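Undergrad: Okay, here's the prediction I keep looking at, along with the sequence it came from:
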Amino acid sequence: MSPTEQLREEHAGIGSMLDILAKICDLLESGKPVDQGHLERILEFLKVFVDKCHHAKEEDLLFPAMERAGVPGEGGPIGGMLAEHRLGREYIGGMSEAAEKLGRGDRSASPQFVRNARSYIGLLRAHIEKENGILYPLADRRIPEKTQRELLADFDKVEEERVGHGKHEEFHRLMDRLRKIYLLRTP
């Protein structure tokens, strides 16, 4: 497996969580209640798995390796991805703020949650498409094979040190559970 293959696999999981988040937005927009614990766990997934794990692998490891291989860091595809990571963090902040209000019983925070969540979903879907279609193929062509093997080992360290032992698997179980609740149930 190459570093970009691992990142693409992570994109598939992130895409599943975005589908779940979209369904939650539909429920909130129709005035239906959503389990507060589910909102909190989804936000944890976005903050920990997407940002502290996936984005850290890109920002701290893949992107610098690409720059060393001659891909410009600013003004090119890497700079665009970094800007989108920052914008995504702002949307997560807006969702977190709204979720706290919802947790205190303030139903008027639903539109704030939905607005930030839908913006995040749109941003990340386009972001993933650009990374899978443009950035990762560029990395595959430019980064030497030896460096790619080193990146994979460093990716494992990121998961262990920043996310924690077993947390990756825990997030997969969470996605499976939420998928059954929000995507596979009949109305």
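TA: On my side now, so go ahead. Numbers count the residues shown, from 1 in each chain.
Undergrad: Can you report how many residues lie near R141?
TA: Using other C-beta atoms under 10 Å, the number of residues around R141 comes to 9. Quick note: C-beta positions are derived from backbone N, CA and C, even for glycine.
Undergrad: Helix or strand for it, just tell me which one.
TA: helix 136-142 (DSSP states H and E).
Undergrad: Let me see the mean pLDDT of that helix.
TA: The average pLDDT within helix 136-142 is 96.
Undergrad: so what pLDDT did the residue positioned nearest the centre of the chain get?
TA: Nearest residue to the geometric centre of the chain (C-alpha atoms, centre = their mean): V50, 3.2 Å. Confidence at V50, expressed as pLDDT, is 96.
Undergrad: so who does it touch?
TA: 14, 88, 124 (C-beta atoms under 8 Å, 6 or more residues apart in numbering).
Undergrad: In TSV, list the residues you listed along with pLDDT.
TA: Compiled in TSV, the contacts of V50 are given as follows (pLDDT from 0 to 100):
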residue	pLDDT
I14	97
G88	98
L124	98
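Undergrad: okay, these in JSON lines with distance to G79, secondary structure and neighbour count next?
TA: Putting the contacts of V50 into JSON lines (distance: C-beta to C-beta, whole Å; DSSP: H, G, I helix; E, B strand; the rest coil; neighbours: other C-beta atoms under 10 Å) gives the following:
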{"residue": "I14", "distance to G79": "21", "secondary structure": "helix", "neighbour count": "21"}
{"residue": "G88", "distance to G79": "15", "secondary structure": "helix", "neighbour count": "19"}
{"residue": "L124", "distance to G79": "18", "secondary structure": "helix", "neighbour count": "23"}
